[in-house]
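>>> Sequence and predicted structure, then a few things I'm wondering about:
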Amino acid sequence: MAQRWGEGEAACSSRPRSSGALLRAAKLRVENLAQSLRLRTTYTWQEVKRCPLCAGTVLLPSASYRQGLLGLRFQACQECGLVVQSPRLTSGSLARYYRREYRASLKRGVDAAHCEPLFQRGIRRGTYIAGFLEEHGVTLSGKQVYEVGCAYGGILAYFQSRGCRVRGCDVSAVAVAYGRSRGLDLAVGSVELLQGSRQQVDLLILSHVLEHIEEPHAFLETVRHALASAGVLYVEVPGLAAAKDRRRQFLQLGHLMHFRLDNLRRLLESAGFSFVAGNEVVQALFRVGRSSAGKPEDAVG
Ligand SMILES: [Zn+2]
């Protein structure tokens, strides 16, 4: 059911402690304002009329958020509880946003000094993703791992260090170039790169990706075809139930949907996956097929 989160403001309330920090904060604020002006005046927006998960048409106000000169609004599907951003950027504008604005602006820079810490953060994320998978019976060594939305490649670098063969893609050419410079097999693009691939995947990772996707059913169908019949899928999205103190991170322009474990599971099951394990972070493990028999290790071993 619809649940109201309240209203927010993107401006940072913490007080810089030095003149350097003050300058950086001022520069950031100017960049944010300039970006929000661009988004408001040169990008196109559309209302969401149907829930992208269940096709429900009753969407109730759930949250609003001010980001510079933009007022982002979010609505909750009465039927399944999915929270959607509406209005949101049209397909063409979304593509342009990711091409021109997303990584470079969100991460405040594109050079190695900015990329390396993000690569290292990916390695730390890889560590905890691997921990979740192993806790639920998935062994890693020797597996073909593919990550859609791999950013700078840190997660894949960790899986490679654990004996996996890894590949990945991201829409950010900057991020992919950096990952390649670290020796990873990465490509610029998204899930369409998996279509027609002869090399099937044992473990596919979607870490903070699904909430960005316009047509999740079609996206997941491509993912399912890319996975080996015994393959497993790791999905992580920002969980509504865990969002209380992290609203600024969660309510952002690129996040078209916000999940709880129950409606994430409903989406994946409708796309031909069966649920293995999950939590409200949300982290969840699925495998191909609708049967509930067997353990995940049976699937990937
Ligand atoms: Zn719905």
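That came in fine, so what should we check first?
>>> tell me the pLDDT at the residue in the stretch 101-250 of the chain that the ion sits nearest to?
For the stretch 101-250 of the chain, the residue closest to the ion is residue 216, as judged by CB to the ion, at 11.3 Å. Heads up, the C-betas are built off the backbone N, CA and C, glycines and all. Per-residue pLDDT puts residue 216 at 96.
>>> From residue 76, how far out is residue 85?
Using CB to CB, to the nearest Å, residue 85 is found at 11 Å from residue 76.
>>> who in this structure is up against the ion?
Proximity of the chain to the ion (CB under 5 Å from the ion) is limited to residues 51, 53-54, 56, 77, 79-80, 82.
>>> residues contacting residue 234?
129, 132-133, 203-207, 283-285 (CB atoms under 8 Å, 6 or more residues apart in numbering).
>>> thinking again about what came up before, what's near enough to touch the residue of the stretch 101-250 of the chain closest to the ion?
52-53, 210, 257, 267, 271.
>>> List the ones among those residues that fall in strands.
Judged by DSSP state E, the contacts of residue 216 include residue 257 as members of strands.
>>> Give me the subset of the contacts of residue 216 lying in helices.
residue 267 (DSSP state H).
>>> Looking at the contacts of residue 216, which is nearest the ion?
residue 53 (4.6 Å).
>>> how many neighbours does the closest one have?
Per other CB atoms under 10 Å, the neighbour tally for residue 53 reads 21.
>>> gap between it and residue 289?
Residue 53 is 21 Å from residue 289, where distance means CB to CB.
>>> do the same with residue 96
Using CB to CB, residue 96 is found at 37 Å from residue 289.
>>> next one: residue 76
Residue 76 is 31 Å from residue 289, by CB to CB.
>>> Have a look at the two and say which one is more surrounded.
residue 76 (24 against 17).
>>> Quick check, the more buried one in contact with residue 82.
Yes: with contact defined as CB atoms under 8 Å, residue 76 counts as touching residue 82 (7.1 Å).
>>> returning to what we had before: can you add pLDDT and give the residues of the chain next to the ion back as TSV?
Putting the residues of the chain next to the ion into TSV (pLDDT from 0 to 100) gives the following:
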residue	pLDDT
51	96
53	95
54	95
56	96
77	96
79	95
80	95
82	95
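>>> Give me the buried entries from those.
By neighbour count, with 16 or more other CB atoms under 10 Å, these hold 51, 53-54, 77, 79-80, 82 as buried.
>>> Which one of the residues you listed is nearest to residue 237?
residue 82 (11.0 Å; CB to CB).
>>> Might you report the residue contacts of the closest one?
Per CB under 8 Å, 6+ apart, neighbours of residue 82: 51-54, 76, 257-259, 263.
>>> Show me which pair in these is furthest apart.
So, the contacts of residue 82 by CB to CB: farthest apart are 54 and 258, at 14.6 Å.
>>> All the helices of the chain, residue numbers only.
Taking DSSP H to define them, one finds helices in the chain at 19-42, 91-97, 103-106, 112-135, 154-161, 173-181, 216-226, 247-250, 261-270, 296-300.
>>> Any idea which of these gets closest to residue 276?
Closest approach to residue 276 among those (CB to CB): helix 296-300, 5.0 Å.
>>> so where is this protein shaky, pLDDT-wise?
1-17, 103-111, 243-249, 291-301 (pLDDT under 70).
>>> Break the protein into its domains for me.
Per automatic domain parsing, the structural domains of the chain span 6-106, 112-300.
>>> now the longest one, how far from the centre of its chain.
Spelled out, that is domain 112-300. Remark: domain 112-300 is offset 8 Å from the chain centroid, using CA atoms, centre = their mean, to the nearest Å.
>>> Could you let me know which of the residues of the chain next to the ion ends up closest to residue 190?
Of all the residues of the chain next to the ion, residue 190 sits closest to residue 53, with 19.6 Å by CB to CB.
>>> Could I get the contacting residues of the closest residue to residue 51 other than its chain neighbours?
Closest residue to residue 51 apart from its sequence neighbours, by CB to CB, 6 or more residues apart in numbering: residue 77 at 3.9 Å. Applying CB under 8 Å, 6+ apart to residue 77 gives the contacts 2, 51, 53-54, 56, 58-59, 83-84.
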